[in-house]
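In: Need coordinates for the below:
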Amino acid sequence: MIKRLISLLFLVWVLGFAWFALLLPLPAPPQKTDAIVVVTGGPGRIDRALERLEAGDAKRLLISGVAREVKPRELAAEYGRPVALFDCCIALGFDAEDTRSNATEVAAWAKRRKYKSIRLVTTDWHMRRAEYEIGRAVGRDVTIVTDAVRSQPNLATLFREYHKYLAGLAGGLLGL
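Out: Reported below is the predicted structural model:
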């Protein structure tokens, strides 16, 4: 009986990992939302969020997880965008250090502005965990449109992220 249970759990784990690794989330098509949110930490994320902002998919952008010493002018120069865009339309979030604190930061920002929909931009391998954590934080009243930045993750990255995702799910089930 115990061997069968262990075998079943292993099979579920293997199939789950195959789903996670082989069917990575995709970029979203143009679609209007109240705001765009990007979590820092991977190449192409901020570029994608800025492109969607400039395309008119939303009027505001939150960059969550920015180092405290970073200034809007520096980001504008780094990404080749006018400072005026940062002054009018982009908020920098300095409180997040990981995905869970990104979720807290995003939820507080969205709640203050009464947003009902956000476009979440992050790397494809990170999207499921980010969407889960942010979804828990913002609640059911906010629709999340996932907009994954394509990447070429290695097996170690996928393995590590899959287990972080499972830990987040378990924490959610346990109310942590």
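In: C-alpha from now on. contacts and neighbour counts both.
Out: Will do.
In: tell me what the lengthiest helix in the chain is packed against?
Out: In the chain, taking DSSP state H as the definition, the longest helix is helix 2-22. Contact here means 3 or more C-alpha pairs under 8 Å, 6 or more residues apart in numbering; DSSP states H and E; on that basis helix 2-22 packs against helix 155-173.
In: quick revisit: now what about the longest helix of the chain, what contacts it?
Out: 125, 158-159, 162 (C-alpha atoms under 8 Å, 6 or more residues apart in numbering).
In: This protein: helices as residue ranges?
Out: 2-22, 45-54, 72-78, 83-89, 99-113, 124-138, 155-173.
In: Just say which of those is most tucked in.
Out: Counting by mean count of other C-alpha atoms under 10 Å, helix 124-138 has the highest mean neighbour count of those, with a mean of 21.
In: which strands and helices sit next to that helix?
Out: Packing contacts for helix 124-138, counted by 3+ C-alpha pairs under 8 Å, 6+ apart, involve helix 99-113, strand 117-123, strand 143-149, helix 155-173.
In: what does it rub up against?
Out: Under C-alpha under 8 Å, 6+ apart, the answer for helix 124-138 is 21, 24-26, 99-100, 102-104, 106-107, 110-111, 120-122, 142, 144, 146, 148-151, 153, 158, 161, 164-165, 168-169.
In: one step back: please identify which of the helices of the chain is closest to S64.
Out: Closest approach to S64 among the helices of the chain (C-alpha to C-alpha): helix 99-113, 6.0 Å.
In: Tell me which residues are up against that closest one.
Out: Under C-alpha under 8 Å, 6+ apart, the answer for helix 99-113 is 37, 39, 62, 64-65, 93, 95-96, 116, 129-130, 133-138.
In: Could you list the low-pLDDT ranges of the chain?
Out: 176 (pLDDT under 70).
In: swap the cut-off to 80 and go again
Out: 174-176 (pLDDT under 80).
In: Write down the beta-bridge partners of T123, one by one.
Out: Beta-bridge pairing of T123 under DSSP bridges involves V149.
In: hmm, back to that, now the helices of the chain as CSV including distance to Q31?
Out: Supplementary listing: these in CSV, determined by distance: least, C-alpha to C-alpha, whole Å:
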stretch, distance to Q31
helix 2-22, 25
helix 45-54, 9
helix 72-78, 24
helix 83-89, 18
helix 99-113, 18
helix 124-138, 17
helix 155-173, 27
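In: of those helices, which approaches K32 most closely?
Out: Proximity to K32, assessed across the helices of the chain by C-alpha to C-alpha, is greatest for helix 45-54 (9.4 Å).
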